[in-house]
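Visitor: Structure, please.
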Amino acid sequence: MANESPDSDAKRIFKPDDIPELLHGWLLHAHKGRERHDRAARKCNSHRLWVGVPAAVLSAIVGATVTLEKVDIAAPVKDAILIAIPIIAILAAILTSLTTFLGLPERTEKHRSAGVRYKIVIRKLECILSAPLDKMSNKDPLVAGIKKQLDDLEESAPVVPERLYNWVEDEWKKRGVEFKGKANELYILKR
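Guide: Numbers count the residues shown, from 1 in each chain. Below you'll find the model as predicted:
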């Protein structure tokens, strides 16, 4: 099955031989997760700005027209402005509602928080990997703690859009990041 093309509809399975290989696998996973959530947070924040800034500007324009009745303007111009104001107000309301509906500020913060939590795991893994691992096992409290942290993080983190997920995977492949040893021989199982 290892001969299958990477484009096939298959899932890669990682079966580490030892604790160092397991921890390196988790480290790679944590780096990818951090990058995915950092990019998703930036994307959500960008969308928030692209929707929120025009909504604020349009709302300000509508608010400024309250004083229009006190200004001496030619009747045709004043009539055109009075027609445009409800349209601008509706656009401002739509954009504001869209920001709320999409939950862009909340999504930005959730992705940012997940990225930070992945960074914490990365630092812990790097610290563990810098020490001798010959006496460590799956039952070691450090290993169990990292596993629990990753499990909790995966459960609570928001879903990264598929396009961003795939982009990160492609970037890591371009970088040539791969394991040494058995992890290079990941085998493929049909879903």
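Visitor: Tell me the gap between the lengthiest helix in the chain and the middle of its chain.
Guide: Ranked by number of residues, the top helix in the chain under DSSP state H is helix 19-64. Relative to the chain's own centre, helix 19-64 is displaced by 5 Å; criterion: C-alpha atoms, centre = their mean, to the nearest Å.
Visitor: by contact count, what packs against it?
Guide: Under the contact definition 3 or more C-beta pairs under 8 Å, 6 or more residues apart in numbering; DSSP states H and E, helix 19-64 sits against helix 75-102, helix 104-129, helix 141-156, helix 162-174. Placement of C-beta: from N, CA and C, glycine included.
Visitor: make it 6 Å
Guide: For helix 19-64, the packing partners by 3 or more C-beta pairs under 6 Å, 6 or more residues apart in numbering; DSSP states H and E come out as helix 75-102, helix 104-129, helix 162-174.
Visitor: That one to helix 141-156, inter-axis angle?
Guide: Using axes from the mean of the first three to the mean of the last three C-alpha atoms, to 10 degrees, the direction of helix 19-64 lies 30 degrees away from that of helix 141-156.
Visitor: picking that back up, tell me which of the helices and strands packed on helix 19-64 lies nearest to Arg34.
Guide: helix 104-129 (3.7 Å; C-beta to C-beta).
Visitor: mean confidence for the closest one?
Guide: What helix 104-129 shows for mean pLDDT is 93.
Visitor: likewise stretch 85-96?
Guide: Averaged over stretch 85-96, pLDDT sits at 91.
Visitor: And it, how far out from the chain middle?
Guide: 30 Å.
Visitor: And for that stretch, what's in contact with it?
Guide: 51, 54-55, 58-59, 61-62, 65 (C-beta atoms under 6 Å, 6 or more residues apart in numbering).
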